[in-house]
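A.B. asks: give me the fold of what follows.
(one chain, ligands or ions: 1)
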Amino acid sequence: MSARIRVLVPGKINPRVVDRLAERFEVIRIDSADPALVTAEIQDAKAVAVSGRVPAALMDALPGLEIIANFGVGYDGVDVGHAAERGITVSNTPDVLTEEVADTAVGLLLNTLRQLPQAEQWLRQGRWAKDGAFPLSPLSLRGRTVGLYGLGRIGLAIARRLEAFGVSIAYHTRSPREGLSYAYHPTLVGLAAAVDTLVVIVPGTEATKRAVNAEVLSALGSNGVLVNVGRGSTVDEAALIAALQAGVIAGAGLDVFENEPQVPDALMALPNVSLLPHVASASVVTRNAMADLVAGNIEAWFETGRALTPVPETPFTRRSA
Ligand code: DGY
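C.D. replies: Here you go, the predicted structure:
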């Protein structure tokens, strides 16, 4: 393998990605995915490793670009349609984060229902001794019916965990999955009407954009709880805030937001929400595995002509060695 192959890293990324790539490639870093930062020296880069955006304009500033290795299973930051047109392979990091994200989803659901973060604050602030027991949580997982919006690898891992909690499970996806006993609903609003707990774990695409809207929240109902561990773009955040304020639904647990890292003050002011800063996969062990897969995809591309985990839109092999 040539040590002269250049890999461009726009913006911040897990340092292990850069360390791994630097063993075999010339790694060039720029502050952001702004094509104006691509100098003549950089423009022969054949690979991009990224945790964030790759717009079409950055791809077009790199005429020899062959592969974009995305850090994360969701690749909504990469203009994959443009990559497919240009014959550029895009890879992501499936599987290695499935169990971690599913664990976090269940934790966030329990935190939302049982107010465990607030209870810990009560203890830490000395209020247990001063004011007595923490108030009973109005909500519980007991007796709930959980609807999963999305039943891919992570959705299925969440469902499997929830089975052990003894709750009923239903789901909505574009078409039913074979061999499952969970109730299938052909529409999202139909799922929301049939359950009291909605867990969102779909990719951020045009089809899912603001799919969880005022109508879906109203169908979920006044005992309803929404948990989002997918993408912020899937939930109409203004409609969610209005629904939480008006008691249209009972609570929400959110790991993702429309305009990260900005979280609306109106959301932060609400007592019936549990908020996390997009940490579903954020443990050292899982982020290391994701970093290794980003580097592994680029290494495999130049060694074997195939990425390890290309996304379905770009099933390409390398044309020239
Ligand atoms: C993903 O993998 O898409 C996560 O959101 C990043 O942790």
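A.B. asks: break down the stretch 101-250 of the chain into its strands, ranges please.
C.D. replies: 145-149, 168-172, 183-184, 197-200, 225-228 (DSSP state E, counting those that start in this stretch).
A.B. asks: report the contact partners of the residue of the chain most remote from its centre.
C.D. replies: No residue in the chain has its C-alpha farther from the mean C-alpha position than residue 130, which lies at 40.5 Å (C-alpha atoms, centre = their mean). With C-beta atoms under 8 Å, 6 or more residues apart in numbering as the criterion, no residue contacts residue 130. Just so you know, the C-beta spots here come from the backbone N, C-alpha and C atoms, and that holds for glycine as well.
A.B. asks: and it, how close does it get to the ligand?
C.D. replies: Using C-beta to the nearest ligand atom, to the nearest Å, we find residue 130 at a distance of 39 Å from the ligand.
A.B. asks: please apply the same query to residue 124.
C.D. replies: For residue 124, the distance to the ligand - C-beta to the nearest ligand atom - is 28 Å.
A.B. asks: what of residue 62?
C.D. replies: Residue 62 sits 23 Å away from the ligand, going by C-beta to the nearest ligand atom.
A.B. asks: and if you look at residue 308?
C.D. replies: 16 Å.
A.B. asks: just residue 115 next, same as before
C.D. replies: For residue 115, the distance to the ligand equals 25 Å [C-beta to the nearest ligand atom].
A.B. asks: which residues touch residue 66?
C.D. replies: 46-47, 88-89, 301, 318.
A.B. asks: in PyMOL, select just the buried ones from the residues you listed.
C.D. replies: The buried residues among the contacts of residue 66 can be selected in PyMOL (16 or more other C-beta atoms under 10 Å) with this line:
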select buried, resi 46+47+88+89+301+318
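A.B. asks: let's have the contacts of residue 66 in TSV, adding pLDDT, secondary structure and distance to the ligand.
C.D. replies: TSV is the format used below for the contacts of residue 66 (pLDDT from 0 to 100; DSSP: H, G, I helix; E, B strand; the rest coil; distance: C-beta to the nearest ligand atom, whole Å):
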residue	pLDDT	secondary structure	distance to the ligand
46	98	coil	24
47	98	strand	19
88	98	coil	20
89	98	strand	18
301	98	helix	20
318	96	coil	25
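A.B. asks: residue 280: which of the contacts of residue 66 is nearest?
C.D. replies: residue 89 (25.7 Å; C-beta to C-beta).
A.B. asks: show me what the closest one is bridged to.
C.D. replies: residue 67 (DSSP bridges).
A.B. asks: isn't it right up against residue 70?
C.D. replies: No - in this structure, residue 89 is not within contact of residue 70 by C-beta atoms under 8 Å, at 10.8 Å.
A.B. asks: kindly provide the distance from residue 172 to residue 18.
C.D. replies: Distance, residue 172 to residue 18, by C-beta to C-beta, to the nearest Å: 39 Å.
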